[in-house]
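**Q** sequence first, then the predicted structure:
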Amino acid sequence: ELTMPVYLVTGAAGFIGANYVRHLLEWEADAEVVAVDYLGFAGNRSNLDGVSDRVVFEQADIADLDTMRALYRRYRPDHVVNFAAESHNDRAILDPSLFMRSNALGAQVMAECSRLVPVRSHVHVSTIEVYGELPSRSACFTERSPLNAKTPYSAAKAAGDQIVRAYMQTYPELNIRMTHCANNYGPFQMPEKLVPLAVTNLLRGRKVPVYGDGLQRRDWLHVTDHCAAVHRVLHADLQPPPPEAATAPELLPIFDVSARHEVTNVEIARRVVTALGMDPSEWIEHIPDRPNHDRRYLIDPSKIETQLGWRPVHEFDAGLVGTVDWYVEQRPWWERILETKGELGFDWGAVRP
Ligand code: NAD
């Protein structure tokens, strides 16, 4: 008897989750997808409009064990990818509790559901930011780096990571894996994040706000490359972690994902302005920095490259220009978001946390 593989994807109405669902339907011709999202601030149901009749949408909170367990029992997923998280550093400063619920408790509830109603594989999607701020110009984070988060967003993600690591080691047969990814750019990102904020401001005759000196350095990767990495980790044939993993986290099924492409925030702003044929000296304004802003992160993807053969395929310059074009062409998509959510972007000169 042939049965279709069932994927349960959380955070599916958000930026990366929606991109992943769209790619998954192409990569796996017979996959059925249960798309879960509680439609929080960054959730946008229309990101999945008309994608396919192989997708069922379920509005649910991943931090609610009874609800999630009922969804697992109903759909019996083969594969689970947990993208759901509150993701905006600025918002986390104003409302840290919301972030603890989704990013820490939510991570545990998802792992617990995959224990109670076993699946073939489960990927917990995390971020480079759990490693904190990179101390020197030369070093890179790797899977061996200690978690050292310092912002409410990244600390909540790190708490989720820590509990997922505990599940990996306590229940090694469960096939729970994890990724830490660099900053993503691409279509369907909420216009409160740098790239779409810049495009949507410029197209409305407003300047691009850059925090502080804009010299915060970030590691940038196209969202499609991230989705491919997650998919590869989900399907990798991995042995359960050995006991030595207790003191050597690089032996756990954790994979750091990056294109090794480091760019300052002000350079991202300049490139977006230039891609729209405008003059950076006129269209960028420096505004007060947000409190406790990480200066730099960079992550070494050698493990996923050598062990799983993953490589990014999107070249940064072309990828960024393609992304800017997407927001230019999809103006009705972001205008509707701005109409319903109000103006996005934070002014830390005016807001007091
Ligand atoms: P996003 O904010 O665009 O999307 C997250 C989605 O999760 C939203 O639709 C939101 O409604 C949903 N969600 C949040 N809490 C939920 C809950 N309790 N129950 C159900 N749904 C919930 O964020 P994104 O940029 O797509 O990030 C997705 C994941 O990737 C996150 O785990 C994030 O930490 C991680 N990540 C993001 C980046 C990046 O550059 N954007 C980089 C590395 C890792």
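**A** Perfect, I can see it now.

**Q** and stretch 152-167, average pLDDT?
**A** Across stretch 152-167, the average pLDDT comes to 97.

**Q** swap in stretch 78-85?
**A** Across stretch 78-85, the per-residue pLDDT values average to 98.

**Q** start to end distance for it?
**A** Terminal residues of stretch 78-85 lie 22 Å apart, using C-alpha to C-alpha, to the nearest Å.

**Q** residues from the stretch 51-200 of the chain in reach of the ligand?
**A** 61-63, 83-87, 102, 106, 125, 127, 157, 181, 183-184, 190 (C-beta under 6 Å from any ligand atom). Placement of C-beta: from N, CA and C, glycine included.

**Q** among the residues you listed, name the ones in helices.
**A** Secondary structure assignment by DSSP state H places 106, 157 of these in helices.

**Q** of the residues of the stretch 51-200 of the chain next to the ligand, buried ones?
**A** Buried residues within those, counting neighbours by 16 or more other C-beta atoms under 10 Å: 61-63, 83-87, 102, 106, 125, 127, 157, 181, 183-184, 190.

**Q** in the protein, which residue sits nearest the ligand?
**A** Closest to the ligand within the chain is G14: 1.9 Å, counting by C-beta to the nearest ligand atom.

**Q** show me what counts as buried in the helix or strand of the chain with the lowest mean pLDDT.
**A** Ranked by mean pLDDT, DSSP states H and E, the helix or strand of the chain with the weakest confidence is helix 89-94, at a mean of 88. Neighbour counts over helix 89-94 (16+ other C-beta under 10 Å) mark 89-93 as buried.

**Q** next SSE after it?
**A** Once the chain leaves helix 89-94, the next helix or strand it forms, by DSSP states H and E, is helix 96-99.

**Q** distance between that next one and the chain's centre?
**A** From the chain centre to the centre of helix 96-99 is a distance of 17 Å (C-alpha atoms, centre = their mean, to the nearest Å).

**Q** and what of stretch 184-191?
**A** Centroid separation for stretch 184-191 versus its chain: 10 Å, with C-alpha atoms, centre = their mean.

**Q** and if you look at stretch 125-141?
**A** Using C-alpha atoms, centre = their mean, the offset of stretch 125-141 from its chain centre is 15 Å.

**Q** ok, and what's touching that stretch?
**A** 11, 16, 81-83, 85, 145-151, 153-154, 157-158, 160-161, 164, 178-183, 219, 230, 256, 258, 294-300 (C-beta atoms under 8 Å, 6 or more residues apart in numbering).

**Q** name the SS class of I16, please.
**A** Secondary structure, DSSP: H, G, I helix; E, B strand; the rest coil: I16 is helix.

**Q** re the thing from before, what about the nearest residue to the residue of the chain closest to the ligand once chain neighbours are set aside, distance to M278?
**A** Nearest residue to G14, sequence neighbours excluded (C-beta to C-beta, 6 or more residues apart in numbering): A42, at 5.3 Å. According to C-beta to C-beta, to the nearest Å, A42 and M278 sit 27 Å apart.

**Q** just R144 next, same as before
**A** Applying C-beta to C-beta, the value for R144 to M278 is 43 Å.

**Q** burial check on Q239, number of neighbours?
**A** Per other C-beta atoms under 10 Å, the neighbour tally for Q239 reads 8.

**Q** what's the answer for the one 10 residues further on, then?
**A** The number of residues packed around P249, counting by other C-beta under 10 Å, is 18.

**Q** T306 belongs to a helix, doesn't it?
**A** Yes - assigned with three-state DSSP, T306 falls within a helix.

**Q** please begin residue numbering at 4 from this point
**A** Sure, I'll start counting at 4 from here, so that last one is T309.

**Q** relative to A278, how far out is it?
**A** Here the criterion is C-beta to C-beta. By it, T309 lies 34 Å from A278.

**Q** and stretch 279-299, end to end?
**A** For stretch 279-299, the first and last residues are 27 Å from each other (C-alpha to C-alpha).

**Q** tell me where the protein has strands.
**A** Assignment of strands within the chain using DSSP state E yields the ranges 9-13, 35-40, 58-62, 82-85, 124-130, 179-184, 186-188, 211-214, 220-225, 257-260, 265-267, 287-290.

**Q** and the contacts of stretch 48-57?
**A** Stretch 48-57 is contacted from outside by 15-18, 21, 24-25, 28, 34-36, 38, 40, 42, 58, 60, 191, 336, 339, using C-beta under 8 Å, 6+ apart.

**Q** quick check on these: which are buried?
**A** Listed as buried from these are 15-18, 21, 24-25, 28, 34-36, 38, 40, 58, 60, 191, 336; burial here means 16+ other C-beta under 10 Å.

**Q** report the distance from stretch 148-168 to the chain centre.
**A** 14 Å.
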